[in-house]
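[1] quick one, structure for this:
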Amino acid sequence: MSGAPLRRLEGRLIALGVTGSIAAYKAVELLRLLTTEGADVVVLLSPSATRFVGPLSFAALSRHPVESDVLDLLPDGRIGHIVVADSADAIVVAPATAHWLAAMANGLAGDVVTAAALATSAPVVVAPAMDGDMWTHPATVANVGRLREAFGYTVISPESGPLASGQSGVGRLAELPAIVDAVVDALAERPIRQANPAARPPVVEAPPRESDLVGRHVVITAGGTREPIDPVRYIGNRSTGKMGAALAEAALARGARVTLVAAAVEIPLPDGAETVRVETATQLRDALRTAMAAGADALVMAAAIADFTPAAPKDRKIARADGLNLELSPTPDLLGEIAAAKSGAYLVGFAAETGDLDRAQAKLTAKGIDLLVANDVSEPGSGFGTDTNKVTLFDRSGARDELPMLSKREVADRILDRVAGALDGRGAGAQTRAMHEPASTEGAR
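    Below you'll find the predicted structure:
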């Protein structure tokens, strides 16, 4: 059995610099190829590049603000191109014009692409594109030689073919897979420079989704359960409730009626949801039974439910002098119970793993649910207490969808995209069956 395809840039932050060549449109596809390899990509546009391709496409695909002005600041006051320079694993400039090669070779930081390249210690990969005579001019040849020999840059020579001038010659941007390969080679065995998402360029929130959950009742759980040892001590976990709250906010924004069953949380919960507060796994079970009995269309179990509970909790505080030996009993599999009850709701579970996600598909099958959201909580930026998450979605068909590092709100919307699509599909299927069923002849005598 073959595993998931190798993503050679997994976890890397790649800065894609685009300059004012007619080949700039190809940079959109290059961005897609880099993200397919697992890279997180931030885009830098020179002023002339914005005349060939606008920043909106790059921002939508990269989920980062596009840097196009050396004077621009990020919302938190940081200098955008310096943040890129300090956190990117590599900078790839594609296409690079003759003007950019000359400016870079002489250290002229007149745009964000040259400024970031001057300020970084990361590898720089350059893919020029220009007219053939410009490429062979002694000035360009000297500039390329300096970038290669003095700066240590990887310069991917352009290819031969039809050019924008109508002539044919050497000057076409190299094939995009070859540029991706050069980025991979430039990184080799280098460690990830900056794994902390807070030190990287900020993530752009996704545009609002359509109101595709109007008329739907979505039950969401959030936070971590607390299983009492005595009146002042408990067994708990590190969940803050951020993922569950993001799911509730996203579902409300899409028009759903939301019941939010909240265990211990460390954040404000969204207005508009019917919030039910619980503490233990048993209380959560009771609240879920009530909510599901009210006709839920979907259940998203984002709460971190304790796996064990003290077998005999004490009603008085245990004295330190008495010592403490705990006998633990397993808590019930709440999602498995609901799946076994065959409520008809679309069921989404979460699995917090450490290391790898190999057990996730088996968990989905064992529980009999529709979708499992798995993440490695030991990975920086993914897991308890963070504003971001990096998850993989597993579904009943055996499909596996690995998402990049995203804000928890964007992860919530990606999950709800699946929920809304499945509910619409079920509704359409029921309508089709009704249209093909013979009409009842009861009473037609």
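
[2] who's in contact with the closest residue to Asp133 other than its chain neighbours?
    Closest residue to Asp133 apart from its sequence neighbours, by Cβ to Cβ, 6 or more residues apart in numbering: Gly169 at 7.7 Å. No exception for glycine: its C-beta is placed from N, CA and C like everyone else's. Counting by Cβ atoms under 8 Å, 6 or more residues apart in numbering, Gly169 touches 131-133, 135, 160, 163.

[3] and Ala352, what are its bridge partners?
    Counting by DSSP bridges, Ala352 is bridged to Asn375.

[4] pLDDT score assigned to it?
    At Ala352, the pLDDT value in this model is 84.

[5] quick check, it in contact with Ala304.
    Yes. Taking Cβ atoms under 8 Å as the definition, Ala352 is a contact partner of Ala304 at 6.7 Å.

[6] helices of the chain, start to end?
    26-36, 55-62, 80-87, 98-105, 112-119, 132-136, 138-149, 176-187, 242-253, 281-293, 334-340, 360-367, 408-436 (DSSP state H).

[7] now do the contacts for Arg396.
    Counting by Cβ under 8 Å, 6+ apart, Arg396 has contacts 364, 370-371.

[8] if you set the cut-off to 10 Å instead, what comes out?
    Neighbouring residues of Arg396 by Cβ atoms under 10 Å, 6 or more residues apart in numbering: 361, 364-365, 368-372, 422.

[9] likewise for Thr36?
    Contacts for Thr36 (Cβ under 10 Å, 6+ apart) come out as 5, 7-9, 180.

[10] ok, Leu269 next?
    Counting by Cβ under 10 Å, 6+ apart, Leu269 makes contact with 222-223, 241, 244-245, 248-249, 260, 262, 275, 277.

[11] can you give me the neighbour number for Gln361?
    Residue neighbour count, defined by other Cβ atoms under 10 Å, stands at 18 for Gln361.

[12] so it touches Arg400, yeah?
    Yes. At 7.4 Å, Gln361 counts as touching Arg400 under the criterion of Cβ atoms under 10 Å.

[13] what's the domain layout of the chain?
    13-199, 217-432 (automatic domain parsing).

[14] and of these, who's closest to Glu210?
    domain 217-432 (7.2 Å; Cβ to Cβ).

[15] so how far is Glu10 from the nearest residue to Thr354 once chain neighbours are set aside?
    Nearest non-adjacent residue to Thr354, counting by Cβ to Cβ, 6+ apart: Ser378, 4.4 Å away. Between Ser378 and Glu10 the computed distance is 15 Å (Cβ to Cβ, to the nearest Å).

[16] same thing with Gly368?
    From Gly368 across to Glu10, the span is 31 Å (Cβ to Cβ).

[17] hmm, back to that, Ala352 and Ala304: who's more crowded?
    Per other Cβ under 10 Å, whichever of Ala352 and Ala304 has more neighbours is Ala304, with 25 against 17.

[18] go ahead and confirm the residue nearest to Thr354 touches Glu353.
    Yes. Applying Cβ under 10 Å as the test, Ser378 and Glu353 come out as touching, 8.4 Å apart.

[19] neighbour-wise, which of the two wins?
    Glu353 (18 against 11).

[20] distance check, the more buried one against Asn375.
    7 Å.

[21] if I look at the two, which residues touch both of them?
    Common neighbours of Glu353 and Asn375, using Cβ under 10 Å, 6+ apart, are 360, 383, 392.

[22] give me the pLDDT for the residue nearest to Thr354.
    What the model reports for Ser378 is a pLDDT of 79.

[23] give me the phi and psi for Gly255.
    phi 100, psi 10 (degrees, to the nearest 10).

[24] count of residues packed around the nearest residue to it once chain neighbours are set aside?
    Spatial nearest neighbour of Gly255, excluding adjacent residues (Cβ to Cβ, 6+ apart): Val214 at 3.5 Å. Counted by other Cβ under 10 Å, the residues lying close to Val214 total 10.

[25] Arg257 versus Val214, what's the distance?
    Val214 sits 9 Å away from Arg257, taking Cβ to Cβ as the criterion.

[26] also Asp72?
    42 Å.

[27] where does the prediction get shaky in the stretch 201-350 of the chain?
    Counting by pLDDT under 70, the stretch 201-350 of the chain has low-confidence residues at 205-208.

[28] returning to that earlier point: my guess is the residue nearest to Gly255 meets Ala256, correct?
    Yes. Counting by Cβ under 10 Å, Ala256 is a contact partner of Val214 at 7.4 Å.

[29] which neighbours do the two share?
    Common neighbours of Val214 and Ala256 are not found (criterion: Cβ under 10 Å, 6+ apart).

[30] pretty sure Met301 sits against Ala352.
    No. If you go by Cβ under 10 Å, Met301 and Ala352 don't touch, sitting 11.8 Å apart.

[31] so what sits against both of the two?
    Common contact partners of Met301 and Ala352 (Cβ under 10 Å, 6+ apart): Val373.

[32] so what sits against both of Gln361 and Arg400?
    By Cβ under 10 Å, 6+ apart, Gln361 and Arg400 have these common neighbours: 372, 374, 392, 394.

[33] ok, the second one to Phe394 distance?
    So the one you mean is Ala374. Distance from Ala374 to Phe394, by Cβ to Cβ: 6 Å.

[34] pull up the overlap in contacts between those two.
    349, 351, 357, 360-361, 363-364, 400.

[35] got a winner among those residues for most neighbours?
    Gly349 (24 neighbours).

[36] give the contact list for it.
    299-302, 334-336, 338-339, 360, 363-364, 367, 369-374, 394.

[37] quick one: it from Pro310, how far?
    Here Gly349 is placed at a distance of 25 Å from Pro310 (Cβ to Cβ).

[38] one more: Thr114?
    Taking Cβ to Cβ as the measure, Thr114 falls 63 Å from Pro310.

[39] looking at those two, which has the bigger crowd around it?
    Legend: neighbour count by other Cβ under 10 Å for Thr114 and Pro310, higher for Thr114 (24 against 17).

[40] could I get the pLDDT score of Lys390?
    Reported pLDDT for Lys390: 86.

[41] show me the beta-bridge partners of the closest residue to Leu299 other than its chain neighbours.
    Leaving aside its sequence neighbours, Leu299 sits nearest to Val219 (Cβ to Cβ, 6+ apart; 4.7 Å). Judged by DSSP bridges, the bridge partners of Val219 are Thr259, Leu299.

[42] so who does Val219 touch?
    Contacts for Val219 (Cβ under 10 Å, 6+ apart) come out as 251, 256-261, 274, 276, 287-288, 290-292, 294, 296-301, 338, 345.
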